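Chemist: this one's structure only:
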C-alpha cells in the first residue's frame, strides 16, 4: 500500500483509539507487526488554542514511525490550521481527519461522524486541510449516519477528488456505535 511517499508493507495499521493509543501501546503494536501507528485523536480547537493537555497526546518517539496523527473538529479553518501546526511541530507521516467517531460529546459539536450528515462540509474540511499541508492526508469515516443511508462510497469518491490519499471505513453506521453486525460488503 502506498500513501504519499510511504510504502506500507505489510498494510497493517494500529488505528487511533481513545484511551489506548499511547506511546507504550504503539510501540508494542509496532513490535507485533503494525507497520503504521496513530496517536489518539486530538481536537483541532485544542491545538489552535495551544492546549498543553491536547499536545500531550501527540508526543512520540522516532522508533514509532511511520506515525499518523488524527485530528477531529467541525470547522474547516480550525482543522486545516491544526494540521499545519501539527505538520510543523511534529512532522507526522500521515495526518488523518476523523469523520467516524460516534461518541455523543464529539458528535454534539458537529465533529466526527456528524460530518456524515453534511458531505459538503466534509469535502470543504478535506480540501482546506490538503491545501494547508504537504503531509499526506487521510480520513476515517463510517458507512453513514444511519445504516439505511450508506454514503461511504459516495463520500470516499468525493474526498478522493479533494486530494485525500487514503480512507478507512468503519463498517458500521454512526447510529450503530460499536453494536450491530459490521457491513463488510460495502468495504
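Modeler: Happy to help now that I have it. Computed from a predicted structure; not experimentally measured.
Chemist: make it CA atoms for all contacts and neighbour counts henceforth
Modeler: Noted.
Chemist: other SSEs contacting the lowest-mean-pLDDT helix or strand in the chain?
Modeler: Of the helices and strands making up the chain, the lowest-confidence element is helix 52-56, at a mean of 91, by mean pLDDT, DSSP states H and E. Counting contacts by 3 or more CA pairs under 8 Å, 6 or more residues apart in numbering; DSSP states H and E, helix 52-56 is packed against helix 44-48.
Chemist: How far away from the center of its chain is the helix it packs on?
Modeler: 15 Å (CA atoms, centre = their mean, to the nearest Å).
Chemist: do the same with stretch 125-142
Modeler: Using CA atoms, centre = their mean, the distance between the centre of stretch 125-142 and that of its chain works out at 9 Å.
Chemist: my read: residue 166 touches residue 137, true?
Modeler: Yes: in terms of CA atoms under 8 Å, residue 166 counts as a neighbour of residue 137; the distance is 7.4 Å.
Chemist: The two: who's more crowded?
Modeler: It is residue 137, of residue 166 and residue 137, that has more neighbours when counted by other CA atoms under 10 Å, with 27 against 19.
Chemist: In contact with residue 147: list those residues for me.
Modeler: Residues counted as contacts of residue 147 (CA atoms under 8 Å, 6 or more residues apart in numbering) are 172-176.
Chemist: that older thread, residues of the least confident helix or strand of the chain that come out buried?
Modeler: Counting neighbours by 16 or more other CA atoms under 10 Å, one finds that the buried residues in helix 52-56 are residue 54.
Chemist: Touching that helix from outside, list them.
Modeler: Outside of helix 52-56, the residues within contact range by CA under 8 Å, 6+ apart are 42-43, 46-47.
Chemist: dump the residue contacts of residue 182.
Modeler: Applying CA under 8 Å, 6+ apart to residue 182 gives the contacts 171-172.
Chemist: mind listing the helices for the chain?
Modeler: Counting by DSSP state H, the segments of the chain that form helices are 23-31, 44-48, 52-56, 76-90, 104-107, 119-132, 152-161.
Chemist: Which of those sits closest to residue 68?
Modeler: Distances from residue 68 to each of these were compared using CA to CA; the minimum, 10.2 Å, belongs to helix 76-90.
Chemist: Would you mind pulling up the elements that that closest one packs against?
Modeler: Identification of packing neighbours for helix 76-90 by 3+ CA pairs under 8 Å, 6+ apart yields helix 44-48, strand 67-72, helix 119-132.
Chemist: Out of these, which gets nearest to residue 11?
Modeler: Minimum separation from residue 11 across the helices and strands packed on helix 76-90 (CA to CA) falls at strand 67-72, 13.3 Å.
Chemist: And that closest one, how far out from the chain middle?
Modeler: 5 Å.
Chemist: Many thanks, we can stop here.
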